[in-house]
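S.K.: Okay, predicted coordinates and the sequence, questions at the end:
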Amino acid sequence: MGNIKLITAISLILIDKIKNNLKKPVPLLIILLLIAGFATLKYATKDVKAETEFDKMKEAAKYCTNPADTDPKCLESFVELRENSPYASHYKSVQQTAQEKFGVVGNYTLEDFDPMEYLTAWNFNNLPPEERSKYYKETKRADGSLLREYWIYAEDKEIEIAPGVFFPAWTYNGQVPAPTIRATEGDLIRIHFTNKGTKPHTMHFHGFHPAEMDGAMTQEFVYPGKSFTYEFEADPYGVHLFHCHSVPLKQHISKGLYGAYIVDPKNDTRQKADKELVMVMNAFDTNLDGGNEVYAVNTKAFYYALNPIKVKKGELIRIYLINIVEFDPINSFHLHATFFDEYRTGTKQEPNTYTDIVSMVQGERSILDVRFKWPGMYMFHAHVSEFAELGWMGFFEVTE
């Protein structure tokens with residue numbers, strides 16, 4: 001028993017040593033393998049056997065201390081250790097359970113919507129010029145502002161929301177969230193909307209516009225095969241959203257008809273951001289029971305855990321955050337190891353608070369300005385734990 005306690009203490013020191021020598025944190029899978037390896041000690045029946053297992057783990061860990069990058073042999077060695085152990089079945093059970101609770105099983109198969117690309121895409125800037133011109137056009141007006149024209153359509157489409165999990169969505173331009181619309185205060189927005197779906201749809205914008213452009217009344221519904229042109233000035237500045245307002249409203253939102261609408265101040269006194277990111281917190285009712293089974297930021301569960309968002313130490317990151325989760329009364333955003341300035345709705349140029357967590361009901365949004373002081377991997381997630389465990393979590397990977 002004394003030897004096992006000693007080994008456990010040494011094991012903890014070893015973990016710290018590995019972590020301190022790595023510029024990047026040990027990947028999640030490696031951590032799980034380490035945990036599984038150390039769990040063997042608990043089940044060892046002889047001190048001699050425990051020492052043998054420990055020696056093997058020490059040898060394997062040598063490959064994990066490369067300060068420049070993680071040696072491929074690091075993972076390979078722990079996999080080999082696990083497979084050759086007399087406790088292999090126990091390892092498999094522990095790892096499988098941990099992976100399932102983490103929520104990631106398998107890989108995404110569809111490439112038609114890229115959440116990483118969506119983070120920095122607005123006004124169809126992610127498309128080649130020739131393709132972009134089919135959906136977006138700018139024309140300078142006499143007062144120096146712009147006429148921004150968009151071609152948007154509603155379409156029924158099956159989308160992948162978790163690895164191997166598909167959802168029968170209603171979409172704008174074939175994606176959820178919709179393409180982001182962005183303008184400067186005072187610009188004229190003109191949207192040529194066509195309903196290619198199977199239900200009546202509209203586009204309803206948060207912000208100022210004439211009543212006939214609201215898209216909420218039954219006489220304003222755009223039926224399948226029909227079109228309508230929305231036109232209004234971009235006002236007020238801030239981070240807003242748009243969504244379908246046909247009835248039943250909860251169905252049209254929960255099925256995916258929503259997107260971000262950003263209006264920049266004409267006279268912006270804020271420091272210019274080094275990187276801007278659009279994050280739409282959403283969820284999906286996969287069994288149509290009026291409750292969500294999958295949660296995400298920008299649709300694909302755990303996507304930013306599998307593919308961390310890369311930023312630089314010290315640069316100003318501006319996040320346009322929107323909550324559009326249906327069926328749950330509250331959602332939240334929590335960022336580890338740092339704080340951010342929050343601009344509620346973005347309609348003032350001075351922050352409302354300095355914090356590391358914000359809570360939102362459906363339709364609320366904020367602009368978050370954040371800097372990271374040190375390199376490393378930093379988690380962000382919903383502080384409603386159920387949401388995080390069902391897909392709403394990710395990482396920022398901060399480099400020098």
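M.R.: That came in fine, so what should we check first? Since the model is a prediction, treat every value here as computed from it, not as a measurement.

S.K.: care to break the protein down by domain?
M.R.: Domain segmentation of the chain under automatic domain parsing yields 2-102, 115-264, 275-399.

S.K.: Could you export the ones you listed as a markdown table, including distance to Tyr108 and mean neighbour count?
M.R.: Just so you know, the C-beta spots here come from the backbone N, C-alpha and C atoms, and that holds for glycine as well. As requested, those are exported to a markdown table (distance: least, CB to CB, whole Å; neighbours: other CB atoms under 10 Å):
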| stretch | distance to Tyr108 | mean neighbour count |
| --- | --- | --- |
| domain 2-102 | 15 | 15 |
| domain 115-264 | 5 | 18 |
| domain 275-399 | 6 | 19 |
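
S.K.: As a check, name the ranges of all helices in the stretch 201-350 of the chain.
M.R.: 249-254, 303-306 (DSSP state H, counting those that start in this stretch).

S.K.: Check those helices for me: which has the lowest mean pLDDT.
M.R.: Among these, helix 303-306 carries the lowest mean pLDDT, at a mean of 93.

S.K.: mind checking which of the helices of the stretch 201-350 of the chain is nearest Ala154?
M.R.: Comparing the helices of the stretch 201-350 of the chain by their distance to Ala154 (CB to CB), the top pick is helix 249-254, with 9.6 Å.

S.K.: got the contact list for the closest one?
M.R.: Helix 249-254 has contacts (CB atoms under 8 Å, 6 or more residues apart in numbering) with 170, 199, 201, 243-246, 283-285, 324, 326-327, 362.

S.K.: is it possible to export those to a markdown table including pLDDT and distance to Ile262?
M.R.: Shown next, in a markdown table, are those (pLDDT from 0 to 100; distance: CB to CB, whole Å):
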| residue | pLDDT | distance to Ile262 |
| --- | --- | --- |
| Trp170 | 98 | 23 |
| Lys199 | 97 | 27 |
| His201 | 98 | 22 |
| His243 | 98 | 15 |
| Cys244 | 98 | 19 |
| His245 | 98 | 20 |
| Ser246 | 97 | 24 |
| Ala283 | 98 | 22 |
| Phe284 | 98 | 24 |
| Asp285 | 97 | 27 |
| Ile324 | 98 | 15 |
| Glu326 | 97 | 22 |
| Phe327 | 97 | 26 |
| Gln362 | 97 | 19 |
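
S.K.: center of the protein, which residue is that?
M.R.: Closest to where the C-alpha atoms of the chain average out (CA atoms, centre = their mean) is Val297, at 3.2 Å.

S.K.: how far away is it from Ala142?
M.R.: 41 Å (CB to CB, to the nearest Å).
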